[in-house]
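Q: 3D model of this:
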Amino acid sequence: MRLINTQGFSLIEAMISLFLVALMLFGLDATQLYALKESDNLYFLSTALNQMNNGIERLIGLAHSNNSNNSDDLAHQLAAWNMENQSVLPVGFGTITGQYPNYIITVYWGNHPPHCQKQQIGSSGCLRKKLQLV
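A: Numbering: from 1, shown residues only. Just a heads-up that it's a prediction; the model follows:
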């Protein structure tokens, strides 16, 4: 009796091919999830930068107003700015420290550290900028 040589795929070859395709699709899903996470982080960074610029504009406006109760105006502007920070950033708030003309403005979001020594970007982080008004 002679064995007949058949052409085609066996069940094992088909299963291995399906396993490899599934592995590649899981890799693509992981890449998409990573990209989605990073886009959220960049969104928070962009929003924090916009809020920092908003705080700087508020400081510049106060510096040009020349009012005698400048510290009261600064406290009022800081409170309004922090309400905006809370509405656009997760657990967002900002601080403005210093005296005219030197200020340090900091924006925090997420589970932030108590002090912002360097820029931290992610789902939680902080931005800090030294500002000198003239």
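Q: Go ahead and list the helix or strand containing the residue positioned nearest the centre of the chain.
A: By C-alpha atoms, centre = their mean, the chain has its centre lying nearest to Phe44, at 2.8 Å. Take DSSP states H and E as the rule and Phe44 turns out to sit in helix 11-65.
Q: what helices or strands is that helix leaning on?
A: helix 70-88, strand 93-99, strand 102-109, strand 125-132 (3 or more C-beta pairs under 8 Å, 6 or more residues apart in numbering; DSSP states H and E). (Each C-beta comes from the backbone N, C-alpha and C, glycine too.)
Q: Now find how far off-centre that helix is within its chain.
A: Computed by C-alpha atoms, centre = their mean, to the nearest Å, the chain-centroid distance of helix 11-65 equals 9 Å.
Q: I'd like the mean pLDDT over it, please.
A: For helix 11-65, mean pLDDT is 90.
Q: what angle do that helix and helix 70-88 make?
A: With axes from the mean of the first three to the mean of the last three C-alpha atoms, to 10 degrees defining the directions, helix 11-65 sits at 160 degrees from helix 70-88.
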